[in-house]
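*Asks:* Have a look at this prediction, sequence included:
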Amino acid sequence: MDYRLNARSLLVTALALAFGGAQAALPPSASVLDQVYPEKRHSVVGTVTKPLPSPISAEVANPEMARKRVIHQAIDETCRIEDFAAARGDALVTLVKSKSVACVNQLYTATGRTAHDALAETQMVNIAAELKKQAQSYDGTNSSQIQQIVAFMRAGYYVQWYNRDDVGEYGPALKAATRAALDTLFANPATRQVTEENGGLLSEAITLIDSAAENARYLPIALDLLKRSDDSYYKLWSMRNAVNNVFTVLFRGHQNDDFVEAVRNDPTIIEALSNFYRQRFYLRGTDSQFMLVNAVNEAGRFMKYTERKSQAQTFLRTVLSENEMVGLGAPMWLGAATMVDAYDSANCSYYGTCNFRETLKTKVLSNRYECSPSLKILAQDMTVDQFKQSCALIGAEEKLFHYGMFASADPQSSKPVPNDKNTALEVVVFDDYSNYSNYAGVLFGIATNNGGMYLEGNPADPNNQARFIAHEASWNRPKFQVWNLEHEYIHYLDGRYNMEGDFTKTISANTVWWVEGVGEYYSHQNEYPEAIVEARKKTYLLSVILSNVYGMGDYANRAYRWGYLAVRFMFERHRDDVEKALAFTRTGDYAGYTKLMNAIGTRYDAEFTQWLDMVNPGGEFAGGKPSGGGGSGNCPTRLDALGDGCTRVVNGPNNAYYYVNVPAGTKQLNINTRGGTGNADLYVQDSKKGWPTESSYLAKSTQAGNEENVVINAPVPGYYHLLIRPNSTYAGLSLTATFNNSDDIYSESNCPANSQALADRCLRPKLSGSNAYFWVFAPKGAKRITLRTEGGMDSDVALYVKTSSWPTQTDYQFKSQAGTLVLDNMQGGDRYFHILLQGKAPYKDVNLKARVE
């Protein structure tokens, strides 16, 4: 599943100390489950400058390991946060202990009356008393469900910080109860056990120190954990997490007056961090290196205090001498250099860090490619074909956006908003998430706990450079993909053509539902299974989503999935209101926009709730067809794609690029152009060889006029790229593709865009590995689903299926026999089936087929 999470709230954390000093208020940390899949988060911001790095979490440092840890953690279907709001006293304690930690973590989404009733101070004091009781007899395991109790308290502090008016104030009673509970817990010797289970509790308890703003009181506890940790800790994920959370206590402690008073005259803290770095230096280059980086950063942060500056200076200079700017130990070098730049830049020559950003950029981002005068790519490591592929993808997205918004696929015919000088976009691509994490923050002043960030800057400044900073989706290799490229490019187009003003102005009104929702809508189109799952839950009313803001609770869900649902609903059902809203935002009349949205209010809530039962994958993409047009026949939703019997009108006058996906079993591919004016030629190329040119092609037709025809007999299944090249100025020609197929074809062209999704007659070919996860949607009225595995030399695989969550080899509802699994109990359909493809040993070249009837 694709967990797109709250990058913005974490960015606020990273920026707060840079701009606000020691008193800047930072929100409590979110649920640990909200830190998984960091490379899939994305964010859009205005202008940022030099944020000081916050501690790197284990989930951010090791996204693949984090993914494996949570992929099977499904929330109990009976989990309702309203139940916590209804319970009191012992009943609340019993309820919390009866639920999983994942269920309790759903409290992070609580708002309004539910947040108050569940998490008011009386509720928290009650739970804190239970924590003290359980802490007395804690034995290093979760047999008493003590982790659920701590999870509840963390959720309370988090929700109260964001929704103080809903929850109410937390006062001396809760402070006293929390201190009593934590005092008792940390006095228990069982918290010193080095086990996975104790690590789970200890991780949460250390974070609870910060949630409760008790950083100063428990600083000795935190430092003791840091000092006593050794190899046995780092071999266990949860114990390593617990040690790493000490850095959060230090980082965020600077916002508290009592912490500042305690540390500014205390040399033992930098000593502890320096000793940790020296004694654990062997972690450099391992997947635990991020802890060394955190130690360097937190030591450097103490340079803000005159009393500690010289001590930190000596340590940072040593770190810089022992590591390389690019290469071995680069994250430590860059962390130290960043702290020098923040707190001691006048003495950069002492450290050897003067102008280090310019040097770094030259070394790391050495490859440039110009897609067009308005689009350039700066990359760490991309081939010419990969540059071309990315340019083509962006070009197709640009056509789709302009046709959907302005009824013309020609960007030149669309009018930018007033005072927008962002005529060109620079896309920066790092080689993978690790390199993005290492370098993007230092070079461009952004937080990197996300999967990419669009920086609009000041669009009225002619010297401004709009920039999308991204990384390759290395987990999809050998397939090349720039992660979130389409979503972030929509941010650029939306800002230039729909939203007048800089980012601060555009979010001065409640536009977040649109800003993030439209990015999701155009990048996913009608294939967004995670959003469809959310739709069936009916968690939110449309009026609630239309009031989305950055930093709200349940951010990822509300901003991305529910933002998508809101935008899709408005396009499909109320396009006239979309156009009215855009008329205001395009002129910068955000007061008029707000008046319109207030007038809409709850008008569509009932209709939206009904629509949530009906929305499904597939169907016409309303965002790409403003007047129901864009192609005739069997055309895909993308404006640059052809299908069997699809005709596109090509208006010229420049090169035009299209593609067609040919399914297995096709006997003949026929591509022709007809009509229009002028003279254009047709070139076709196998996608494996890139895009066709005048000198590189598989087939071509270059007759006089626009009557061109290319026939490919027995085409190899897969993608073919097409080029319409002007011999002289042309306009209005028709481009058509037809197949001569066998009767029952399974093909990748029948599969959804998401690589984990299956559909009717979908083929996922040549699968290799140890296991893989998929899902398939059964629409209303579906009779059966048939799944089949074929091929794979010496491969013994099985399919496991479950409806409510991800299956395992021991927890499933259905299992294949002899490579086939027939699901014929659809229970009316309108549900997802979760699929595990598991090999007894690593498998190779297995084909997975799906039939939905």
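*Replies:* Happy to help now that I have it. Residues are numbered from 1 along each chain as shown.

*Asks:* average model confidence for stretch 734-754?
*Replies:* For stretch 734-754, the mean per-residue pLDDT is 73.

*Asks:* is it fair to say residue 738 lies in a helix?
*Replies:* No. Counting by DSSP: H, G, I helix; E, B strand; the rest coil, residue 738 falls outside a helix, being strand.

*Asks:* Could you look up the SS state of the residue nearest to it when sequence neighbours are not counted?
*Replies:* Among residues not flanking residue 738 along the chain, residue 670 sits closest, at 4.8 Å (C-beta to C-beta, 6 or more residues apart in numbering). (Each C-beta comes from the backbone N, C-alpha and C, glycine too.) Per three-state DSSP, the secondary structure class of residue 670 is strand.

*Asks:* Ok, the one 3 residues further on next?
*Replies:* Applying three-state DSSP to residue 673 yields a three-state assignment of strand.

*Asks:* about what we covered before: correct me, but the residue nearest to residue 738 touches residue 710?
*Replies:* Yes. With contact defined as C-beta atoms under 8 Å, residue 670 reaches residue 710; the gap is 7.5 Å.

*Asks:* Looking at those two, which is more packed in?
*Replies:* Just comparing residue 670 and residue 710: by other C-beta atoms under 10 Å the higher neighbour count belongs to residue 710, 20 against 15.

*Asks:* Could I get the pLDDT score of that one?
*Replies:* On the pLDDT scale, residue 710 gets 88.

*Asks:* Doesn't it lie inside a strand?
*Replies:* Yes. According to three-state DSSP, residue 710 belongs to a strand.

*Asks:* Would you mind measuring from it to residue 392?
*Replies:* Note on residue 710: its distance to residue 392, by C-beta to C-beta, to the nearest Å, is 19 Å.

*Asks:* before we move on, what about residue 539?
*Replies:* 38 Å.

*Asks:* next one: residue 688
*Replies:* To residue 392, residue 688 is 14 Å away according to C-beta to C-beta.

*Asks:* Of these two, give the one with the bigger neighbour count.
*Replies:* Neighbours per residue (other C-beta under 10 Å) separate residue 688 from residue 392, with residue 392 holding more: 18 against 11.

*Asks:* quick check, that one in a strand?
*Replies:* No. Residue 392 is assigned helix when assessed by three-state DSSP, not a strand.

*Asks:* Show the contacting residues for it.
*Replies:* 640, 657, 691, 721 (C-beta atoms under 8 Å, 6 or more residues apart in numbering).

*Asks:* Can you report how many residues lie near the last one?
*Replies:* Here the count is done by other C-beta under 10 Å, and residue 721 has 23 residues near it.

*Asks:* Need the three-state assignment for it.
*Replies:* Assigned with three-state DSSP, residue 721 falls in the strand class.

*Asks:* And stretch 560-577, what's buried?
*Replies:* By 16 or more other C-beta atoms under 10 Å, the buried positions in stretch 560-577 come out as 560-572, 574, 577.

*Asks:* Now tell me what touches it from outside.
*Replies:* 4, 512-514, 516-518, 520-521, 524, 526, 528, 530-531, 534-535, 539-540, 542, 545-546, 548, 578, 596, 600, 604, 607-608, 611-612, 615, 622-623, 626.

*Asks:* What average pLDDT does it get?
*Replies:* On average, stretch 560-577 scores 91.

*Asks:* that older thread, give me the PyMOL select line for the contacts of residue 392, limited to the buried ones.
*Replies:* In PyMOL, this line selects whichever of those come out buried by 16+ other C-beta under 10 Å:
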select buried, resi 640+657+691+721
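
*Asks:* Determine which two of the contacts of residue 392 are furthest apart.
*Replies:* 640 and 691 (11.5 Å; C-beta to C-beta).

*Asks:* joint contacts of these two?
*Replies:* Here residue 640 and residue 691 have 392, 657 as joint contacts, going by C-beta under 8 Å, 6+ apart.

*Asks:* In three-state terms, how would residue 700 be classified?
*Replies:* For residue 700, the assignment made with three-state DSSP gives strand.

*Asks:* Tell me the spacing between it and residue 300.
*Replies:* Note on residue 700: its distance to residue 300, by C-beta to C-beta, is 61 Å.

*Asks:* Ok, residue 265 next?
*Replies:* Separation of residue 265 from residue 300 (C-beta to C-beta): 18 Å.

*Asks:* More neighbours: these two, which one.
*Replies:* Higher neighbour count among residue 265 and residue 300: residue 300, with 27 against 9, using other C-beta under 10 Å.

*Asks:* For burial, what's the neighbour tally of the spatially closest residue to that one that is not a sequence neighbour?
*Replies:* Leaving aside its sequence neighbours, residue 300 sits nearest to residue 339 (C-beta to C-beta, 6+ apart; 2.9 Å). Neighbour count for residue 339, taken as other C-beta under 10 Å: 26.

*Asks:* mind checking the backbone torsions on residue 270?
*Replies:* Note on residue 270: its backbone torsions stand at phi -60, psi -40 [degrees, to the nearest 10].

*Asks:* Any idea what residue 467 is bridged to?
*Replies:* With DSSP bridges as the criterion, residue 467 is bridged to residue 426, residue 455.

*Asks:* you'd agree it is up against residue 428?
*Replies:* Yes. In this structure, residue 467 is within contact of residue 428 by C-beta under 8 Å, at 6.4 Å.

*Asks:* Now the common contact residues for these two.
*Replies:* Any residue near both residue 467 and residue 428 by C-beta under 8 Å, 6+ apart counts here, and that gives residue 444.

*Asks:* Of these two, give the one with the bigger neighbour count.
*Replies:* Comparing residue 467 with residue 428 by other C-beta under 10 Å, the one with more neighbours is residue 428, at 25 against 22.

*Asks:* ok, residue 657 - contacts?
*Replies:* Here residue 657 is in contact with 392, 395-396, 640, 691, 721-724 (C-beta under 8 Å, 6+ apart).

*Asks:* So residue 116 lies in a helix, does it not?
*Replies:* Yes. Using three-state DSSP, the secondary structure at residue 116 is a helix.

*Asks:* For the stretch 251-400 of the chain, just list every one of the helices.
*Replies:* 257-263, 268-279, 289-301, 309-322, 330-343, 348-351, 356-364, 384-406 (DSSP state H, counting those that start in this stretch).

*Asks:* I'd like to know which of these lies nearest to residue 418.
*Replies:* Between those, helix 384-406 lies closest to residue 418; by C-beta to C-beta that is 16.1 Å.

*Asks:* what stretches of this structure score poorly on pLDDT?
*Replies:* The model of the chain has pLDDT under 70 over residues 1-78, 625-635, 637-638, 741-745, 793-795.

*Asks:* and the residue lying farthest from the centre of it, helix, strand or coil?
*Replies:* In the chain, counting by C-alpha atoms, centre = their mean, residue 704 sits farthest out from the average C-alpha position, at 49.5 Å. Secondary structure, three-state DSSP: residue 704 is coil.

*Asks:* from here on, count from 90
*Replies:* All right, first residue 90 from here; so that's residue 793.

*Asks:* That one and residue 740: what is the separation?
*Replies:* 20 Å.

*Asks:* ok so, going back, for the residue farthest from the centre of the chain, which non-adjacent residue is closest in space?
*Replies:* Leaving aside its sequence neighbours, residue 793 sits nearest to residue 768 (C-beta to C-beta, 6+ apart; 6.4 Å).

*Asks:* wait, that neighbour sits on residue 820?
*Replies:* No. Judged on C-beta under 8 Å, residue 768 makes no contact with residue 820 at a distance of 11.0 Å.

*Asks:* Now do the strands in the stretch 740-889 of the chain.
*Replies:* Ranges of strands within the stretch 740-889 of the chain are 745-751, 757-763, 766-775, 788-790, 797-802, 807-820, 822-829, 846-847, 851-867, 874-880, 886-891, based on DSSP state E, counting those that start in this stretch.

*Asks:* Make JSON lines from the ones you listed and add distance to residue 179 to it.
*Replies:* Below are these laid out as JSON lines (distance: least, C-beta to C-beta, whole Å):
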{"stretch": "strand 745-751", "distance to residue 179": "61"}
{"stretch": "strand 757-763", "distance to residue 179": "71"}
{"stretch": "strand 766-775", "distance to residue 179": "70"}
{"stretch": "strand 788-790", "distance to residue 179": "77"}
{"stretch": "strand 797-802", "distance to residue 179": "74"}
{"stretch": "strand 807-820", "distance to residue 179": "63"}
{"stretch": "strand 822-829", "distance to residue 179": "68"}
{"stretch": "strand 846-847", "distance to residue 179": "45"}
{"stretch": "strand 851-867", "distance to residue 179": "40"}
{"stretch": "strand 874-880", "distance to residue 179": "46"}
{"stretch": "strand 886-891", "distance to residue 179": "35"}
